[in-house]
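Participant: kindly generate the corresponding structure for this input.
(one chain, ligands or ions: 1)
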Amino acid sequence: MQEKPYFCPNCRSNRVKFSVISSISQPFLKDAVTGALTEVGEQEPLTDTEPTIQCLVCSFSANELRFIKQAEREPRAGQPLPPSYQ
Ligand SMILES: [Zn+2]
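Facilitator: Numbers count the residues shown, from 1 in each chain. Okay, here's the model as predicted:
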């Protein structure tokens, strides 16, 4: 994951609450007749794929870049100026 601001392109109200959905690979063998699992291998995380990010406000999910691009298009307005600068 990149340390960049995210902005949900769907609800356009969330820059804070997200979930990362990671993929795992797990080999298994099935019985060809009954469909039952006969052997289950070790889980392996798939780390080379771009992470999928889910917005926890509207449940929209997409790859990380869409959230980053949306934040770049609509950057958050800066902090209000302290009173001494007004
Ligand atoms: Zn959203």
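Participant: show me what the helix or strand of the chain with the lowest mean pLDDT is in contact with.
Facilitator: Ranking every helix and strand in the chain by mean pLDDT, DSSP states H and E puts strand 44-45 at the bottom, with a mean of 86. Contact partners of strand 44-45, identified using C-beta atoms under 8 Å, 6 or more residues apart in numbering, comprise 22-26. Where C-beta positions appear, they are placed from N, C-alpha and C, glycine not excepted.
Participant: direction included, what does it pair up with?
Facilitator: strand 24-25 (antiparallel) (DSSP bridges).
Participant: re the thing from before, looking at the contacts of strand 44-45, which is nearest the ion?
Facilitator: Closest approach between the contacts of strand 44-45 and the ion, by C-beta to the ion: S22, at 19.3 Å.
Participant: am I right that the closest one is in contact with P51?
Facilitator: Yes. Contact criterion C-beta atoms under 8 Å: S22 and P51 qualify, at 6.5 Å.
Participant: more neighbours: which of those two?
Facilitator: P51 (14 against 11; other C-beta atoms under 10 Å).
Participant: was I right about the more buried one contacting V20?
Facilitator: Yes. Using C-beta under 8 Å, P51 is in contact with V20, at 5.1 Å.
Participant: quick check: neighbours shared by the two?
Facilitator: With C-beta under 8 Å, 6+ apart as the test, P51 and V20 both reach M1.
Participant: coming back round to it: include pLDDT when you put the contacts of strand 44-45 into a markdown table, please.
Facilitator: Listed next are the contacts of strand 44-45 as a markdown table, based on pLDDT from 0 to 100:
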| residue | pLDDT |
| --- | --- |
| S22 | 83 |
| S23 | 82 |
| I24 | 87 |
| S25 | 91 |
| Q26 | 94 |
